[in-house]
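In: Give me a model of this one.
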Amino acid sequence: MIRNLFILLTITISGLVTAQDDGDAIVVMELFTSQGCSSCPPADELLDAIKEKYEDNNVFVLSYHVDYWNRLGWRDPFSDAAFSDYQRDYAQQFNSRSIYTPQLVVNGSEHFTGSNSTKALAAIRKYSTSKIINTIKLTDLKKEDDQIVIEYNVEGSTFDQVTFALVVSERTTKIGRGENRNRTLKNTNIVINRLVKEDVSGLVTLSIPDWISNNDELLIIAYTQNDELKTTGATKINI
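Out: Now for the predicted structure:
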């Protein structure tokens with residue numbers, strides 16, 4: 001399955017690069033997932049494959065680990081109730097009666113099962129031709145032992161909020177209990193801290209969890225959204 005996925009990605013990328021080289025298009029893919037969900041590993045693998053193929057093409061992938069699977073025997077170490085609440089915000093915008101995993105939200109405009117490679121690649125093609133409304137500039141990054149401070153400025157049309165996601169590039173976890181027990185799972189671009197601002201410019205301070213080591217690759221992905229949570233711009237910076 002993964003081999004076939006990479007073939008699909010290779011075919012798709014040839015038509016995507018030109019549209020994104022000018023920086024006028026972005027694709028933000030937010031995967032709501034959980035290590036306690038047996039249906040989630042294929043979606044995690046898909047997100048990792050997309051990251052590998054499109055990392056330099058203005059495709060931004062994020063893994064938001066929800067907490068409502070924790071009650072089934074395995075506590076996802078990356079889960080956060082705030083991420084579940086964020087998913088509920090999307091449910092309200094999409095007029096969905098419930099939330100689910102794995103859910104992939106693309107540019108805040110559509111959602112589908114996160115393991116559906118056909119829909120994921122179609123969404124990349126679709127949104128790689130759209131124009132951004134906001135440009136986000138990140139400057140003066142300072143990293144201390146337990147926090148990161150960065151200055152930002154948003155240019156362009158009116159937006160509702162700008163999200164700053166502190167992300168660890170990847171982690172591999174041996175699952176001891178729950179639906180995925182005895183499996184070793186790889187998660188990609190895991191959101192470990194999320195902060196939302198409404199101001200056009202200012203300073204952002206993001207705390208670094210104490211389990212992060214010097215070997216972990218960190219980055220900040222920032223993206224603006226309108227009042228319907230649709231993505232209007234995005235950028236990233238490696239730390």
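In: Kindly check the end-to-end length of stretch 24-42 for me.
Out: Stretch 24-42 has an end-to-end distance of 31 Å (C-alpha to C-alpha, to the nearest Å).
In: So what touches stretch 168-182?
Out: Under the contact criterion C-beta atoms under 8 Å, 6 or more residues apart in numbering, stretch 168-182 has outside partners 35-38, 40-41, 48, 69, 72-74, 77-78, 183-190, 192, 212, 216-219. Backbone N, C-alpha and C define where each C-beta goes, glycine included.
In: got the buried residues for it?
Out: Buried residues in stretch 168-182, counted by 16 or more other C-beta atoms under 10 Å: 168, 171, 173, 175, 178-180.
In: thinking again about what came up before, filter the contacts of stretch 168-182 down to just the ones in helices.
Out: Using DSSP state H, the members of the contacts of stretch 168-182 that fall within helices are 41, 48.
In: For the protein, just list every one of the strands.
Out: In the chain, the strands defined using DSSP state E lie at 27-33, 59-65, 103-106, 110-113, 134-143, 147-156, 161-174, 184-197, 201-207, 218-225, 231-238.
In: Tell me the predicted confidence for the residue nearest to I50 when sequence neighbours are not counted.
Out: Of all residues not flanking I50 in the chain, V61 sits nearest, at 5.8 Å (C-beta to C-beta, 6 or more residues apart in numbering). What the model reports as pLDDT for V61 is 98.
In: again, but for the one 5 residues further on
Out: Note on V66: pLDDT of 98.
In: Can I get the buried part of the contacts of stretch 168-182 as one ChimeraX selection?
Out: A single ChimeraX command is used to select the members of the contacts of stretch 168-182 judged buried by 16+ other C-beta under 10 Å:
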select :35,36,37,40,41,48,69,74,78,185,187,188,189,190,192,216,218
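In: quick one: pLDDT of the residue nearest to S34 when sequence neighbours are not counted?
Out: The shortest distance from S34 to any residue other than its chain neighbours is 4.0 Å, reached at W69 (C-beta to C-beta, 6+ apart). For W69, the pLDDT comes out at 97.
In: again, but for D56
Out: Value listed for D56 in the pLDDT field: 77.
In: Neighbours of it, how many?
Out: By the criterion of other C-beta atoms under 10 Å, D56 has 9 neighbours.
In: Please tell me how far it sits from T184.
Out: Noted for D56: a distance of 28 Å to T184, by C-beta to C-beta, to the nearest Å.
In: for the residue nearest the centre of the chain, what are its contacts?
Out: With the centre of the chain defined as its mean C-alpha position, the nearest residue by C-alpha atoms, centre = their mean is L62, 1.5 Å away. For L62, the contacting residues are 28-31, 165, 167, 189, 191, 221, by C-beta under 8 Å, 6+ apart.
In: if we go to 7 Å?
Out: Taking C-beta atoms under 7 Å, 6 or more residues apart in numbering, we find L62 in contact with 30-31, 165, 167, 189, 191, 221.
In: Quick check: nearest residue in space to it, chain neighbours excluded?
Out: Once flanking residues are discounted, L62 sits nearest to E30: 5.0 Å by C-beta to C-beta, 6+ apart.
In: my guess is that neighbour contacts S63, does it?
Out: No - using C-beta atoms under 7 Å, E30 is not in contact with S63; the gap is 8.3 Å.
In: how about Y127, what does it touch?
Out: Going by C-beta under 7 Å, 6+ apart, Y127 touches 25, 27, 106-107.
In: okay, and for this protein, where does confidence drop off?
Out: 1-23 (pLDDT under 70).
In: Please repeat the previous calculation with a cut-off of 90.
Out: Where the chain drops to pLDDT under 90, the residues are 1-24, 55-57, 129-131, 144-145.
In: I'd like to know how many residues surround Y90.
Out: Y90 has 17 neighbouring residues, counting by other C-beta under 10 Å.
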